[in-house]
Structures are given as C-alpha cells and as structure tokens.
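Engineer: just to be clear, the model below is a prediction. Sequence and coordinates:
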Amino acid sequence: MIRILGIDPGSRLTGFGLIETTGNRTICVTTGCIRTEGTNLASRLKHIYLDISALVDEFTPEEVAIESIFMYRNADSALKLGQARGAALSAVAVQNLPVHEYTPSQIKKAVVGKGNASKQQVQHMVKAMLALPRQPQADAADALAAALCHSHMRNQLVPVASRKSGRWNAAALKGRTS
C-alpha cells in the first residue's frame, strides 16, 4: 500500500487529493481545496503551508505529486503560482517526503489519454477512475489527477532493491512504450 498526495497549486485555490493504491486497486482517501482570502500574499502562502502541513500530519502520505510550473501569458500570475507552489513544496519538504513533478500535459495524458484534455474531461475521468459519488471540483480533480499520474508512472518503474531505497532501474524500462 502506498499513499500519494497530489497537489494542484494556486495562490487563491490550491487543490489537494490523497489516493491509496494497493496492487491494482486505487481509492480516494480525501480531496478538497485550500481556499485563501485577502490581498496579503504572505498570509495566503502561510495558509497554504499550514494546511498542507496539517494534511501530511493527518493522512501520512509517503510520496507527493505536484504539477510543474508552465509559462503563463501573464508573468505576475506565473510568479504567484510559483510562490504558492513553493509554500506547498516547503510543507512537504519539511516532512522529508519525496516529491515528483509532472507537466500538465503529462498528467492529462496519464488520466484522459491525451495531453490537451479539458478540465471537464479530467474531472470526468478522475470521478470514473476512483469511483467517486460525484464529480470533484476542478482544482481537486487536478490534484487527484497528479496523484493518479504518479501512481501510473511509479508502477512502470522497476525497483532495483526496494521502493523505499528510492533507486530505480531505468534499463528495465527499455522496450516499454507509454
């Protein structure tokens, strides 16, 4: 069994989703959004850090998957996203959790099958894959999709000694297609 925390960072709304995988079975443990308010960026970043820290303390994930930064047309938005991402990364780094980064297109391709999928398609597939009773909010679905992407990617890797060692045998992947 492995618990993976997925994070979809944002300065006003940060999605999170925790999945648990055992063999071929994957369940959603918890999901939601951290909503920050106010105009003070520092207090919003503190809120993200504290809430992610509390999630880690309560649910004890073993690995973290987070969306990597991509370039926005608006530099100010990209900077704020980077700062929110930094607050979330700091919260998991303090707990010494391994962090795995995936591009938005990698996440969409792992969940929907195509890298340019819409938010609605991601929501639909996350709901179906995890047998959720209702469609999750978009940011929560993106976080769950990041966790699912990591789960798929880690299952494609073959461990050298054990998964806890953190060492993977890339040569074993030769000949595999994604």
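Structural biologist: Okay, I see it.

Engineer: shaky segments in this protein?
Structural biologist: 70-72, 157-178 (pLDDT under 70).

Engineer: can you map out the strands along it?
Structural biologist: 2-8, 13-22, 25-35, 63-67, 99-102, 158-159, 168-169 (DSSP state E).

Engineer: what comes up buried for the fourth one?
Structural biologist: Neighbour counts using 16 or more other C-beta atoms under 10 Å place 63, 64, 65, 66, 67 of strand 63-67 among the buried residues. (Glycine included, C-beta is placed from N, CA and C.)

Engineer: picking up where we left off before, of the strands of the chain, give the one that comes closest to residue 136.
Structural biologist: Across those, residue 136 has its closest neighbour in strand 25-35 (5.6 Å, C-beta to C-beta).

Engineer: sheet partners, orientation included, of the closest one?
Structural biologist: Strand 25-35 pairs in its sheet with strand 13-22 (antiparallel), by DSSP bridges.

Engineer: ok, now how distant is the residue positioned nearest the centre of the chain from residue 142?
Structural biologist: The centroid of the chain falls nearest to residue 6 when counting by C-alpha atoms, centre = their mean (2.4 Å). Relative to residue 142, residue 6 is positioned 8 Å away (C-beta to C-beta, to the nearest Å).

Engineer: anything in contact with each of the two?
Structural biologist: Taking C-beta atoms under 8 Å, 6 or more residues apart in numbering as the criterion, residue 6 and residue 142 both touch residue 15.

Engineer: state the distance from residue 9 to residue 30.
Structural biologist: Counting by C-beta to C-beta, the gap from residue 9 to residue 30 is 17 Å.

Engineer: of those two, who's got more company?
Structural biologist: residue 9 (27 against 15; other C-beta atoms under 10 Å).

Engineer: if I look at that one, how far off is residue 25?
Structural biologist: Relative to residue 25, and taking C-beta to C-beta, residue 9 is found at 28 Å.

Engineer: I'd say the residue nearest to the centre of the chain and residue 26 touch.
Structural biologist: No. Assessed by C-beta atoms under 8 Å, residue 6 is found out of contact with residue 26, at 11.8 Å.

Engineer: what residues do those two have in common as contacts?
Structural biologist: What both residue 6 and residue 26 touch, as defined by C-beta under 8 Å, 6+ apart, is the set 19, 148.

Engineer: ok, the closest residue to residue 145 other than its chain neighbours - contacts?
Structural biologist: Of all residues not flanking residue 145 in the chain, residue 111 sits nearest, at 4.5 Å (C-beta to C-beta, 6 or more residues apart in numbering). With contacts defined as C-beta under 8 Å, 6+ apart, residue 111 is in contact with 117, 122, 125, 126, 129, 145, 148, 149.

Engineer: how many neighbours does the closest residue to residue 38 other than its chain neighbours have?
Structural biologist: Nearest-residue entry for residue 38: residue 44, 6.5 Å, with adjacent residues in sequence omitted and distances by C-beta to C-beta, 6+ apart. The tally of other residues near residue 44 (other C-beta under 10 Å) stands at 23.
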